[in-house]
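*Asks:* this one's sequence-less:
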């Protein structure tokens, strides 16, 4: 008995401490026994002091209650300030005596606490009139002025806060595409907006990279304008004259073809590495003799870029990781998440709202389905399990074979096309162009087609829907990376041939004179092909698809590309027509595409002059995607 | 402030800035939006009370399945009619700057249809019904879904969610703060 009483006492003491020491003394007689009696008569008293109950009190808003100020104060937590917590209690329990109110002379807030209280008012779920009332109450209540250093500190805090707000305001005004993003969000929800925010982030990263390269590498080249080596008289040692030989090579004279292939006049521009000088520039200002080493600048800029990219990525990932840890348990609340956080309150478009409802419905259904699958999985017989494992192994084997096949195809296409091209010489420009682009076309073609095959195969493996998205993504990433690696490896086999004595480049392997530019040209071609394919897919495949959905608008496009298709769609509701008429914005795929483009232009190439236009494709891609979305909106 | 003369005095704006998550400029912008709903009425009296059906013409509220509920929760007269101050309160809670806890509190009030401070089975059913619109679940699926939600969140097994339980879920939800947001 006594032990129990003690425990109660300690609880109580803790509670009172929070409420303030004088309060404790004044509200109840100091006699413990008597206090115990009081609490037993009305256990609610104790209950309201427990932290958990206080939380609840904080949470509870009796909307039906019409009393104004009492409700307001009740919701303050005791931790905020003693004055408020006592008032709250006073309103909670009618029988609390006036004598329990704290000695105000000791609790008069100073300027700072009053200000803090005002800042906290906005958290309360009460109407503006009540908030204003509270604010004026606090302002009109007598308070102490802070003195000396305290005053200074507080003033500084206030000023800093105001400054922060100002900065925030200015920044929000500078925020790019704010209105457009809002429009997209209103029409398509937060997921799609996240994609565009990612593009925006990438654009900023690229602009930074561009500025760095332009200032440190390109600008010095333009300013110092080193003369091209034209003459070399070292007859003894031919290899020392290689650069002259390279620049004296005859170039083809078809500007258009050169533009797409990066040969001829293009090769002689700041666009390719071969053009850059390996000199240390010297210049004299009034006082000093200065040097600028271009090769050093070249290397260090690339190192800096890689480091900055790494830091940016790690920072982003760390943020995501933090959220994931905090919200790690979220996976146990999938239904709650779906219902309570499912609606995007930012949606402001009728059509999108209907769509969103449908999506939530499908997800609810999907979750239930997954539950059933889970049950089914548990109840699988041994036979079924073996069969499934066999199928999965088989599918994985097929996929590995496909990957190997892709690799070999790329390698052979590359070697054969470059051999053919060398045999051809300069006779047939068009055919040579075709051979030149063959490897890139192969890679892009595989990138488009093979994922479709993967998608088809994965349906046999009977994974859960979420897992299907993940595994498809992983496989596709694998395919893209592998194809790039093979591409680089095939180039390496040509480049790595040791030239014989008195040779600038190995004639046996047909190694180009300047291998840096050679690799750059190939990447340039691949990036161009990739870009063109995207544009093509967007305009030729997706737009006509869109056009199907509405007769009025598709008149514009129908006659150009898609008349038979649209007829098919309107006249018969066959499955095929539905398949080609369906228009979706495949988020994971688009994200992957963007990353791939970035990789192509930046990461794998140390040919930084391609950065010049590296952000252009992305901007265009973003533009294409957004028009494509807007177009879809207009249609429907 | 802004172009021409504002309908607000500097003091009023200061009050609004202190009592919401908006800056003065944003308050003025919010007022423009509010005015657009009923230009004459608001032009006449800046704090005019607009009936709920007028409020529901605000694009985000118009398509929101909980639009009426939101108006009612934020209306100071509790009938869904909102003054500018009510609207400002609403937008402040939905703004990006508002912390998750504040959002959670209002979300709870919005979902609590019968106003008994608990999300009971009936509340959940209404929430789901509104959320799914025309896509109806069968009675059995609905029961199952509610059962699942309660299983996940109802820690004390009393068959309904209290605010503490609700806040706990919201804390763990990564999507909530993003979803429960209306850009001004």
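*Replies:* It's in. Bear in mind the structure is a predicted one, so any value in this text is a computation, not a measurement.
*Asks:* got a list of what the residue most central in space within chain B touches?
*Replies:* Among the residues of chain B, the one closest to the centroid is residue B:70, at 4.2 Å (CA atoms, centre = their mean). Listed by CB atoms under 8 Å, 6 or more residues apart in numbering or on different chains, the contact partners of residue B:70 are B:61, B:64, B:90, B:110. All C-beta atoms are positioned from the backbone trio N, CA, C, and that covers glycine.
*Asks:* now do it against residue A:323, distance only.
*Replies:* The spacing between residue B:70 and residue A:323, counted by CB to CB, to the nearest Å, is 27 Å.
*Asks:* what strand or helix carries residue B:35?
*Replies:* Residue B:35 belongs to helix B:24-37 when assigned by DSSP states H and E.
*Asks:* chain center to the next helix or strand after that helix: distance?
*Replies:* Using DSSP H and E, the next helix or strand after helix B:24-37 towards the C-terminus is helix B:39-44. Chain-centre distance of helix B:39-44: 24 Å, with CA atoms, centre = their mean, to the nearest Å.
*Asks:* helix B:39-44 close to chain A?
*Replies:* No: in terms of CB under 8 Å from any CB of the partner chain, no part of helix B:39-44 sits within range of chain A; the closest distance is 15.7 Å.
*Asks:* list the buried residues of that helix.
*Replies:* Buried positions in helix B:39-44, judged by neighbour count with 16 or more other CB atoms under 10 Å in any protein chain shown: residue B:42.
*Asks:* how about stretch A:395-410?
*Replies:* Buried, per 16+ other CB under 10 Å, within stretch A:395-410: A:395, A:399, A:402-403, A:406-407, A:409-410.
*Asks:* what of stretch A:194-202?
*Replies:* Judged by neighbour count using 16+ other CB under 10 Å, the buried positions of stretch A:194-202 are A:195-196, A:198-200, A:202.
*Asks:* TSV please, covering those and showing secondary structure, pLDDT and distance to chain B.
*Replies:* Shown next, in TSV, are the buried residues of stretch A:194-202 (DSSP: H, G, I helix; E, B strand; the rest coil; pLDDT from 0 to 100; distance: CB to the nearest CB, whole Å):
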residue	secondary structure	pLDDT	distance to chain B
A:195	helix	80	14
A:196	helix	83	14
A:198	helix	82	15
A:199	helix	82	18
A:200	helix	83	16
A:202	helix	81	20
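*Asks:* and of these, the nearest to residue A:361?
*Replies:* residue A:195 (23.3 Å; CB to CB).
*Asks:* tell me how many other residues surround residue 140.
*Replies:* Reading this off chain A. By other CB atoms under 10 Å in any protein chain shown, the residues close to residue A:140 number 8.
*Asks:* chain B is the one I meant
*Replies:* Applying other CB under 10 Å, we find 8 residues neighbouring residue B:140.
*Asks:* show the pLDDT at it.
*Replies:* For residue B:140, the model assigns a pLDDT of 88.
*Asks:* C-terminal to the one helix or strand it maps to, what's the next element?
*Replies:* Assigned by DSSP H and E, residue B:140 belongs to helix B:139-153. Using DSSP H and E, the next helix or strand after helix B:139-153 towards the C-terminus is helix B:163-172.
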